[in-house]
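Q: Pasted the sequence and its predicted model underneath.
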Amino acid sequence: MKTSTIVALLMAAVIVAGLGVWGTVWWQERRHFEVTDNAYVRGSITMIASRISGYVTEVPPPTHTHVHPGDVLAVFETEPLEAVVDERRASVEVAEAAMSAALAEVEAANAAGAAVAGHRVTTEARKVAKQVEVRSAEARAASLEAERDHAAMDAERAETLYDARSISRSGLDDARTRLVRAEHDLQAAIADAAKLRSELLVLDAEIAELGAEATEREANLSRANARHQSAAAALESAMAKLEAAELDLASTEVRAPIEGFIANQTVEPGFYIEEGWPMMAVVPLHSIWVTANFKETQLERLRVGQEVRIEVDAFPDHPINGHILSFAPASAASFSLLPPQNASGNFVKVVQRVPVKIRFQTPEALTNRIVPGMSVVVAVDTRTAPQGAALAERTQ
């Protein structure tokens, strides 16, 4: 047999053996994996912006520095804001003085109103007593009038009897005396009743005057209450402005809200920064994940909790284990600036990709070296759903 034939047969045998080995490996392992290289490391990058406008005087941490919550990231000049705080404090003091004056006015109006009300109550009680006296005097006058009429009848009878010589002169004089006394008592009672009615009219006039005064006092109290409410609103407004100014002053020190590393620093001492301008970012490398964009045709066997093998392009010799945490509720193209519109009949069908969030634990050897934006290759083991699902629930 020729040498070339032997070599060809050996090569064919090697190829067949290699294909067999590959096929065996694929059948036993690879066919259970869904793989994509359209995957990237992501993180909750926090943009740091200013709450105030002003000149920056200090930027303590240089870029890429590790910071903790509360660390000072930038300092603005404080003099203009301190002046505003002093002005607002003075406004609060003025408003407090106005509030105190308005409160004193309300208290005085209340006291005056209470005094008038008390006097009116006393006067009305006197009126009731006077009405009793008037009725008593009128009743006495009516009684004395009846006595006077009886005395007049007695005197008239006495004169008739005297003319008939039935009684003496003294009897007639006694009857006339009783009549005069009864008339005098009646006139005195009528005068007393008239006097009491006059006093009652005076009390009525006094009560009417007190009613008018009470109405005026109520109006004064209403005006005082209105001024008090206005002063209270002015004080509240002044205090709110002071709190805002103090907050602006406190904001001259921009502090880190989270732990992480400074990145994309665009501010230096002397820069003028407008309110809301981004100055830098804080990247929390302890809280990162992978977003893998799987084709929609790969999603059938994927489940939350399945184990994932991750290979970072920058560190191919350090494989990482993770698990599926969640699936995006829409394809990546749905959030693009111009999402695809396939309503017309002429279109090219494109396989869509759906973002899948994968959580992983950074190996100690790669601590703070895996950063958002790095490319990775992920392989999902579709055989591991039940155990991984429980893990996913615990890490949500």
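A: Sure thing, it's come through.

Q: for this protein, longest helix please?
A: helix 79-163 (DSSP state H).

Q: same for that one, what does it pack against?
A: Applying 3 or more Cβ pairs under 8 Å, 6 or more residues apart in numbering; DSSP states H and E, we find helix 79-163 packed against helix 169-250. Where you see a C-beta, it was placed from the backbone N, CA and C, and this is true even at glycine.

Q: Centre of the chain to the helix it packs on, how far?
A: Counting by Cα atoms, centre = their mean, to the nearest Å, helix 169-250 is centred 48 Å from the centre of its parent chain.

Q: would you say Arg303 is within a helix?
A: No - according to DSSP: H, G, I helix; E, B strand; the rest coil, Arg303 belongs to no helix; its state is coil.

Q: how about it, phi and psi?
A: Backbone torsions for Arg303, taken as degrees, to the nearest 10, come to phi -140, psi 150.

Q: Can you tell me how far Arg140 is from Leu203?
A: 21 Å (Cβ to Cβ, to the nearest Å).

Q: cool, Val348 as well?
A: 105 Å.

Q: neighbour-wise, which of those two wins?
A: Per other Cβ atoms under 10 Å, whichever of Val348 and Leu203 has more neighbours is Leu203, with 18 against 6.

Q: what's the closest non-adjacent residue to that one?
A: For Leu203, ignoring the flanking residues on the chain, the nearest one in space by Cβ to Cβ, 6 or more residues apart in numbering is Lys127 at 4.4 Å.

Q: so what's the one you found up against?
A: With contact taken as Cβ atoms under 8 Å, 6 or more residues apart in numbering, Lys127 is in contact with Leu200, Leu203, Asp204, Ile207.

Q: Only the buried subset of the residues you listed, as a PyMOL command please.
A: Of the contacts of Lys127, the buried ones can be selected in PyMOL as follows, counting by 16 or more other Cβ atoms under 10 Å:
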select buried, resi 200+203+207
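
Q: Let's have the contacts of Lys127 in TSV, adding distance to Asp173 and pLDDT.
A: TSV is the format used below for these (distance: Cβ to Cβ, whole Å; pLDDT from 0 to 100):
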residue	distance to Asp173	pLDDT
Leu200	41	83
Leu203	45	82
Asp204	47	84
Ile207	51	84
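
Q: list the helices and strands the longest strand anywhere in the chain packs on?
A: Using DSSP state E to define each element, the chain has its longest strand at strand 315-327. When contacts are defined as 3+ Cβ pairs under 8 Å, 6+ apart, strand 315-327 packs onto strand 307-312, strand 353-360, helix 385-394.

Q: Would you mind pulling the contact partners of the first one?
A: Strand 307-312 is touched from outside by 33, 39, 41, 290, 292, 318-324, 358, 360, 366, 370, 374-381, 384, 388, with contacts defined as Cβ under 8 Å, 6+ apart.

Q: tell me the angle the longest helix of the chain makes with helix 169-250.
A: Here the directions of helix 79-163 and helix 169-250 differ by 170 degrees (axes from the mean of the first three to the mean of the last three Cα atoms, to 10 degrees).

Q: how far is helix 79-163 from where the chain is centred?
A: Remark: helix 79-163 is offset 49 Å from the chain centroid, using Cα atoms, centre = their mean.

Q: model confidence over it, on average?
A: For helix 79-163, mean pLDDT is 87.

Q: what about Ile52, neighbour count?
A: Quick note: Ile52 (other Cβ under 10 Å) scores 18 neighbours.

Q: helix/strand/coil for it?
A: Put simply, Ile52 is coil when judged by three-state DSSP.

Q: where does it fall, phi/psi-wise?
A: Note on Ile52: backbone dihedrals following degrees, to the nearest 10 are phi -130, psi 170.

Q: shouldn't it be in contact with Leu81?
A: Yes - Ile52 is within contact range of Leu81, at 7.2 Å (criterion: Cβ atoms under 8 Å).

Q: Got the domain ranges for the protein?
A: Here the chain is described, according to automatic domain parsing, as comprising the domains 32-75+265-339+349-394, 81-249.
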